[in-house]
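Chemist: Make a model of this:
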Amino acid sequence: MVTQEQRKRQLAREKFLRQQQRRTAARRKARMRNSVIASVLGVVVIGSVALYTTGALKDDDKTNASSETTPSAAATSKAPDPCEKAAAGKVKTATWKKEPAITIDKSAKYTMNLATTCGDVDIAMKTSAAPHTVNSFSFLAGKGYFDHTKCHRLTTNGIYVLQCGDPTGSGSGGPGYTIPDENLKDKSLKDNVYPAGTVAMANTGQAHTGGSQFFLVYQDSQLPPSYTPFGTISEAGMKVLKKIAAAGESTGAGDGAPNATVVINKATVTKS
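Modeler: I've put the predicted structure just below:
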């Protein structure tokens, strides 16, 4: 027969075991979250070398956005592809040894249009705040650098971004040169949050390592202010971005290739 004292000790042991289980689960969840956020933020490209730190916009997978991973989510069945067939054409593989000279009008307004297989995404660029970044995109778009490239990474857990701008589609490609970080004190970045609608550069996690990779934020995302915010997505563009996000990503873990086949058929930067 179990005495009252033995029963108390048994209940105490059971309570202790429950507490340990909860703490173990919490630690596991925290490790997974940190792994994801790091992965999303760190990818970018310097030349043809893959410089990764899983971190906005990992093997990119991503933060960030070049940039620049997330706790696992329950695996789900693959959603149907909401996008159209890509236009005919080949990705260009040219690289350059140094950042192009600034030829844009720093006082003018510029808009970037991404004509994708999922719809058009228009971006109002922050020319005066990020002239090196805007000039680089104007240069690369003019060379057809982004045409026929896939947006290779969608993150749906921890941070919420679509990452594009790598002609190799691997998360390690770039134009051969890097550009300086800019506009890191933008007034839109409050409490280390990149708000929905932001377009920012991905990087390796080190200063001034942005190349051509960038990320589009479709939901407010907690990120350190280390990724140059250089544009804002139009309302119509946000609808396209959310359609892509709704289709999910390929791993079921919250960080992988988008299920939607997102190809930039044509990228253009125009002065308005």
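Chemist: what about Tyr227, neighbour count?
Modeler: For Tyr227, the count of nearby residues is 34 (other CB atoms under 10 Å). Where you see a C-beta, it was placed from the backbone N, CA and C, and this is true even at glycine.
Chemist: got it, and the one 4 residues further on?
Modeler: Counted with other CB under 10 Å, the burial measure for Gly231 works out to 25 neighbours.
Chemist: Now do the same for the helix or strand harbouring Thr133: mean pLDDT, whole number.
Modeler: In this assignment (DSSP states H and E), Thr133 forms part of helix 131-142. Across helix 131-142, the average pLDDT comes to 98.
Chemist: Ok, stretch 190-208 next?
Modeler: Per-residue pLDDT over stretch 190-208 has a mean of 97.
Chemist: could you dump that stretch to CSV, C-alpha only?
Modeler: Output of stretch 190-208 as CSV, limited to C-alpha atoms (Å, rounded to 0.1, in the frame of the first residue of the first chain):
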residue,chain,number,x,y,z
LYS,A,190,11.4,50.5,-36.2
ASP,A,191,12.3,48.1,-33.4
ASN,A,192,14.3,46.0,-35.8
VAL,A,193,11.3,45.2,-38.0
TYR,A,194,11.4,45.3,-41.8
PRO,A,195,7.8,46.1,-42.6
ALA,A,196,5.7,44.4,-45.2
GLY,A,197,6.4,45.9,-48.6
THR,A,198,10.1,46.6,-48.0
VAL,A,199,12.7,45.6,-50.6
ALA,A,200,16.2,45.2,-49.2
MET,A,201,19.6,43.8,-50.1
ALA,A,202,20.8,40.4,-49.0
ASN,A,203,24.4,40.0,-47.9
THR,A,204,26.8,37.6,-46.3
GLY,A,205,26.3,38.9,-42.8
GLN,A,206,29.3,41.2,-43.2
ALA,A,207,29.2,44.9,-43.9
HIS,A,208,29.3,46.1,-47.5
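Chemist: residues of that stretch that come out buried?
Modeler: Of all the residues in stretch 190-208, those buried under the rule 16 or more other CB atoms under 10 Å are 194, 196-205.
Chemist: So which of the residues you listed is the closest to Thr111?
Modeler: Distances from Thr111 to these, taken as CB to CB, are shortest for Val199 (11.6 Å).
Chemist: which ones are touching that closest one?
Modeler: 65, 123, 214-217, 229-233 (CB atoms under 8 Å, 6 or more residues apart in numbering).
Chemist: Make sure it is indeed in a strand.
Modeler: Yes - if the criterion is DSSP: H, G, I helix; E, B strand; the rest coil, then Val199 is within a strand.
Chemist: one step back: please convert the buried residues of stretch 190-208 to a markdown table, extending it with distance to Ala141.
Modeler: Output for the buried residues of stretch 190-208, formatted as a markdown table (distance: CB to CB, whole Å):
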| residue | distance to Ala141 |
| --- | --- |
| Tyr194 | 23 |
| Ala196 | 24 |
| Gly197 | 20 |
| Thr198 | 19 |
| Val199 | 13 |
| Ala200 | 17 |
| Met201 | 15 |
| Ala202 | 17 |
| Asn203 | 20 |
| Thr204 | 23 |
| Gly205 | 26 |
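Chemist: Identify, from those, the entry nearest to Gly171.
Modeler: Distance to Gly171, by CB to CB, is smallest for Ala202 among the buried residues of stretch 190-208, at 8.8 Å.
Chemist: Verify the stated contact: that closest one with Gln163.
Modeler: Yes - under the criterion of CB atoms under 8 Å, Ala202 makes contact with Gln163 at 6.1 Å.
Chemist: looking at the protein, which helix or strand is least sure?
Modeler: Within the chain, no helix or strand scores below strand 49-51, which has a mean of 33 by mean pLDDT, DSSP states H and E.
Chemist: still on that earlier bit, for the helix holding Thr133, give me every contacting residue.
Modeler: 99-100, 102-104, 106, 110, 112, 125-127, 146, 175, 179-180, 182-183, 201, 210, 212, 228, 230, 267-269.
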